[in-house]
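Novice: Structure of the sequence below:
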Amino acid sequence: MSTDTPGIDPLQALRAPRDPSCDVFLTGPVFLDIIFTGLDSAPVRGTESWARGMGSSPGGVANMATALARLGLRTSLAAAFGDDHYGEYCWDALEQGEGIDLSMSHTVPGWHSPVTVSMAYEGERTMVSHGHEAPAPTGTSTGAGVPTGASAFTGTGLPTGLGALTGTSAPTGTTAPTPAFPHCPPRARAAIASLTPGRGEPWVAAAARNGALIFADVGWDETGRWDLDALPDLAHCEAFLPNAEEAMRYTRTDCPRAAAHALAERVPLAVVTLGAEGAYAVDGRTGVAAAVPAIEVEALDPTGAGDVFVAGFVTGTLADWPLADRLAFAGLTAALSVQEFGGSLSAPGWAEVAAWWQLIRTCASQDPAALERYAFLDDLLPATARAWPLRRAVPTIGFRQ
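Specialist: As a prediction, this is how the structure comes out:
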């Protein structure tokens, strides 16, 4: 958890002695992200381009894990880490820096960390990634009782199977038994999954049976079928959060709002992100719908903004906020994130939210009616906050102390 604003626990009023110790569980590949910013244009073939800014941070699923932890949720991550300095840096940054529980994560001997280099310019980004599939868990083979797809993590930019758990230990190098996951994910209030057409992940069903609310997004359907029935884990989801294009293709509609209503017939909560136009959500149980416009900001780097949006929405849902407040908070955290560079680097914590709320109310040009949309923050935030803007980025992999 971020320690910028200590003591903010969005679930404090709801916690009970027998509750799960974990608020949110997630799994996937961890990358080392190297981010270049301040490029005036895309690199030109045969030339050298100099960037005015640079940052390094854990990436991949670490973007989402960091965003959740900085909002005060007790986050557990199951991932494979490379047996190299990159992997050691990512482990330390997540466990020691962000307070993320890595008890279900292991290092893989002789396997190097996957890496992504991201170049941000003109409000967009270009990425180059490299990585190899991690070995299967020690002592595990196909057909030995591990469900297909569950013994390995998948994620953006890597082949199926990257991020497999192994029977090796954390970066101390001490051997440890293979953890219970993927056979039995930890008991949690919520879990986050990325749906893949034609493939289910057994841990998702197991987590749902244990009481976790499943929040899921989905990537581009490379098959071109766009068939909701080809997403077997959708049946276990509490909330489905596609973008507008994905939602319309899956529902065969030509309007994002119509798509959201169609999706709400399949899942309890359908949330469609609309980019610069904000987001629209429908509660399939009550029929309540909510729309929140996006906050206009000068975007430096959109990396990880979708992850931050999901983290904000999960926070509001677990805290039992009204649907419109959840959307507003998710949109706010995403807007704050694009003003910094990097994925996990830019994820805002409560300090950033408090500083924004304090600053925005002093702007004479602000429409009071627009500010009223965020009045629920008054009951969550401290009376004083650190000065805005706040910076988290570091230009290299760990300075020597």
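
Novice: mind listing the strands for this structure?
Specialist: Along the chain, the stretches classed as strands by DSSP state E are 22-27, 30-37, 53-60, 75-78, 80-82, 106-108, 115-121, 124-130, 188-195, 213-218, 237-240, 269-273, 279-283, 289-292.

Novice: Residue 373: which of those is closest?
Specialist: Closest approach to residue 373 among these (CB to CB): strand 289-292, 7.0 Å. Glycine gets a C-beta too; all of them are placed from N, C-alpha and C.

Novice: Can you list the low-confidence ranges for this structure?
Specialist: Counting by pLDDT under 70, the chain contains low-confidence ranges at 1-7, 123, 137-183, 299-304, 341-343, 383-401.

Novice: Residue most distant from the centroid, it?
Specialist: residue 46 (35.8 Å; CA atoms, centre = their mean).

Novice: show me what contacts the residue nearest in space to the middle of the chain?
Specialist: The centre of the chain sits closest to residue 64, judged by CA atoms, centre = their mean, with a distance of 2.1 Å. Each residue near residue 64 by CB atoms under 8 Å, 6 or more residues apart in numbering is listed here: 26, 28, 192, 307, 310, 311.

Novice: And it, how close does it get to residue 313?
Specialist: Residue 64 sits 12 Å away from residue 313, going by CB to CB, to the nearest Å.

Novice: Identify the residues contacting residue 116.
Specialist: Residue 116 neighbours (CB under 8 Å, 6+ apart): 31, 32, 33, 34, 59, 60, 127, 128, 129, 157.

Novice: rerun that using 6 Å as the cut-off
Specialist: 31, 33, 59, 127, 129 (CB atoms under 6 Å, 6 or more residues apart in numbering).

Novice: and it, how far is that from residue 130?
Specialist: For residue 116 relative to residue 130 (CB to CB), the value is 8 Å.

Novice: Check residue 239 too.
Specialist: In terms of CB to CB, residue 239 sits 33 Å off from residue 130.

Novice: Neighbour count: those two, which is higher?
Specialist: It is residue 239, of residue 239 and residue 130, that has more neighbours when counted by other CB atoms under 10 Å, with 24 against 13.

Novice: Surely that one is in contact with residue 215?
Specialist: Yes. Under the criterion of CB atoms under 6 Å, residue 239 makes contact with residue 215 at 4.7 Å.

Novice: wait, which of the contacts of residue 116 is closest to residue 136?
Specialist: residue 31 (20.2 Å).

Novice: Assess the claim that that closest one and residue 114 are in contact.
Specialist: Yes. Using CB under 6 Å, residue 31 is in contact with residue 114, at 4.9 Å.

Novice: If we go by neighbour counts, what in stretch 273-283 is buried?
Specialist: Buried residues in stretch 273-283, counted by 16 or more other CB atoms under 10 Å: 273, 274, 278, 279, 280, 281, 282, 283.

Novice: what bridges to the fifth one?
Specialist: Right, the one you point to is residue 280. residue 272, residue 291 (DSSP bridges).

Novice: who's in contact with stretch 211-224?
Specialist: Applying CB under 6 Å, 6+ apart, the contact partners of stretch 211-224 are 188, 190-195, 197, 208, 236-242, 246, 314.
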